[in-house]
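Student: Next one to model:
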Amino acid sequence: MAQRLALQRLLSLSARGPLASHGRAFGTSAGCRSTFNVQDGGDFQDRVVNSPKPVVVDFHAQWCGPCKILGPRLEKLVSKLEGKVLMAKVDIDDHTDLAIEYEVSAVPTVLAMKNGDVVDKFVGIKDEDQLEAFLKKLIGA
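Tutor: I've put the predicted structure just below:
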């Protein structure tokens, strides 16, 4: 069972692109560097809670239709900000503990975090103008 789960995780990671330490996917665009999938609670602590930059946390699920629309839309806008904000993606089925800790009761749920604190939040799908306003508020623009 543990081997099968390890294999599934490895296959899902390799489908995302080349890996470096901590399973981070790197590419040539700013979007790839600004967006990452949370691997576990320790990774969340290191890369989100302890981040010197503001972080948008996208709690989503593979089976969620609105998540499939919101995620790419949000990634695109985060990449346009060229590193001023990071985006962490948390699959609630893989990280139920984080979903419970951050009181996620529906997906998609998006948190805005600064200095380890949740400073803003929304649930559901938003259009690009609403997302831009959410991000600008987070970075103070």
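Student: Tell me the helices and strands packed up against the helix or strand containing residue 110.
Tutor: Using DSSP states H and E, residue 110 sits within strand 109-114. When contacts are defined as 3 or more Cβ pairs under 8 Å, 6 or more residues apart in numbering; DSSP states H and E, strand 109-114 packs onto strand 55-60, strand 117-123, helix 128-139. Just so you know, the C-beta spots here come from the backbone N, C-alpha and C atoms, and that holds for glycine as well.
Student: Check which residues of the last one are buried.
Tutor: Right, the one you point to is helix 128-139. Buried residues in helix 128-139, defined by neighbour count with 16 or more other Cβ atoms under 10 Å: 131, 134, 135, 138.
Student: So what's the predicted local confidence for the second one?
Tutor: Per-residue confidence for residue 134 comes out at a pLDDT of 97.
Student: close enough to count as contact, it and residue 112?
Tutor: Yes - contact criterion Cβ atoms under 8 Å: residue 134 and residue 112 qualify, at 6.8 Å.
Student: can I get the buried residues of helix 128-139 in CSV with distance to residue 103?
Tutor: CSV is the format used below for these (distance: Cβ to Cβ, whole Å):
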residue, distance to residue 103
131, 21
134, 18
135, 22
138, 19
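Student: just so I know, which of the helices and strands packed on strand 109-114 lies nearest residue 89?
Tutor: Residue 89 sits nearest to strand 55-60 of all the helices and strands packed on strand 109-114, at 5.0 Å, using Cβ to Cβ.
Student: For the closest one, the averaged confidence score.
Tutor: For strand 55-60, the per-residue pLDDT averages 98.
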